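**Q** No letters, just coordinates:
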């Protein structure tokens, strides 16, 4: 589904991503782990077109090169984003936040997301649909950010730190939601600081350090590898 080869991305003169390569199969969840500042969010932004990679980098989505496409073109191809920090629109209602992102589903084999289905997934958003975005709790804002991304009817969902700043009980709920989305057939790339949450969701784990992938494998292998956890994750 997604094939990344030799991904290099710069912020000014800072060489953040240094030859990143990995792939995501359709219907799978891949977790990208690592300490702060190693390039995880930059990877997400490079895929989504927010921070374009340098020439020579390859990002193919269903075989189509998107490495230098604009963000709105990449979104139209079927890549949705749940950004770090939620980034909901505070002066719009819940309903407005959701409907502005609405995009028609073109792939018949995938579930179709609309306002009713998002409200079924997040009943609290239906109850408070007339509330402004800045009137929501952190957990409700995260639900809204996920719901907004689903309204684009993505084939691949990029999630950047979905558990950040949430209470443990809410983190557990978000984890269940992500599992349900994966079980529905949605492909997911998740960047996450919560090691145990990521390993409980993902089919494959990647560890990043200094802009490079330094380990990849089954989450069960990583759970058993205490040395790798300590070395690259500080667990």
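**A** Cool, got the structure. Remember, it's a predicted structure, so these values are computed and weren't measured experimentally. Numbering: from 1, shown residues only.
**Q** Show me where this structure has its helices.
**A** Per DSSP state H, the chain carries helices over the ranges 40-48, 71-77, 94-99, 115-121, 123-127, 138-150, 168-183, 195-201, 219-224, 226-228.
**Q** I'd like to know which of those helices is closest to residue 2.
**A** Among the helices of the chain, the nearest to residue 2 by C-beta to C-beta is helix 40-48 (7.3 Å). No exception for glycine: its C-beta is placed from N, CA and C like everyone else's.
**Q** Name the surrounding residues that touch the closest one.
**A** Contacts to helix 40-48, defined as C-beta atoms under 8 Å, 6 or more residues apart in numbering, come from residues 2, 4, 7, 9, 11, 16-17, 20, 32-34, 51-53, 57, 59, 67, 71, 74-75, 79, 81, 84, 158, 160-161, 189, 191, 208, 211.
**Q** if we compare the helices of the chain, which one ends up closest to residue 63?
**A** Smallest distance to residue 63 across the helices of the chain (C-beta to C-beta): 11.2 Å, for helix 71-77.
**Q** In this structure residue 182 contacts residue 188, no?
**A** Yes - contact criterion C-beta atoms under 8 Å: residue 182 and residue 188 qualify, at 5.8 Å.
**Q** what is in contact with these two at once?
**A** In contact with both residue 182 and residue 188: 28, 29, 201, using C-beta under 8 Å, 6+ apart.
**Q** burial of residue 96, as a residue count?
**A** 15 (other C-beta atoms under 10 Å).
**Q** Give me the nearest residue to it, chain neighbours excluded.
**A** residue 89 (7.4 Å; C-beta to C-beta, 6 or more residues apart in numbering).
**Q** Touching, the one you found and residue 98? I think so.
**A** No - Residue 89 is beyond contact range of residue 98, at 10.4 Å (criterion: C-beta under 8 Å).
**Q** Between the two, which is the more surrounded one?
**A** residue 98 (24 against 14).
**Q** Give the full set of residues in contact with the most centrally placed residue in the chain.
**A** The centroid of the chain falls nearest to residue 159 when counting by C-alpha atoms, centre = their mean (1.6 Å). When contacts are counted by C-beta under 8 Å, 6+ apart, residue 159 touches 82, 146, 178, 188, 189, 190, 191, 192.
**Q** Might you calculate how far stretch 113-120 sits from the centre of the chain?
**A** 19 Å (C-alpha atoms, centre = their mean, to the nearest Å).
**Q** Mind listing what's buried along that stretch?
**A** Buried positions in stretch 113-120, judged by neighbour count with 16 or more other C-beta atoms under 10 Å: 113, 114, 115, 118, 119.
**Q** Perfect, that will be all.
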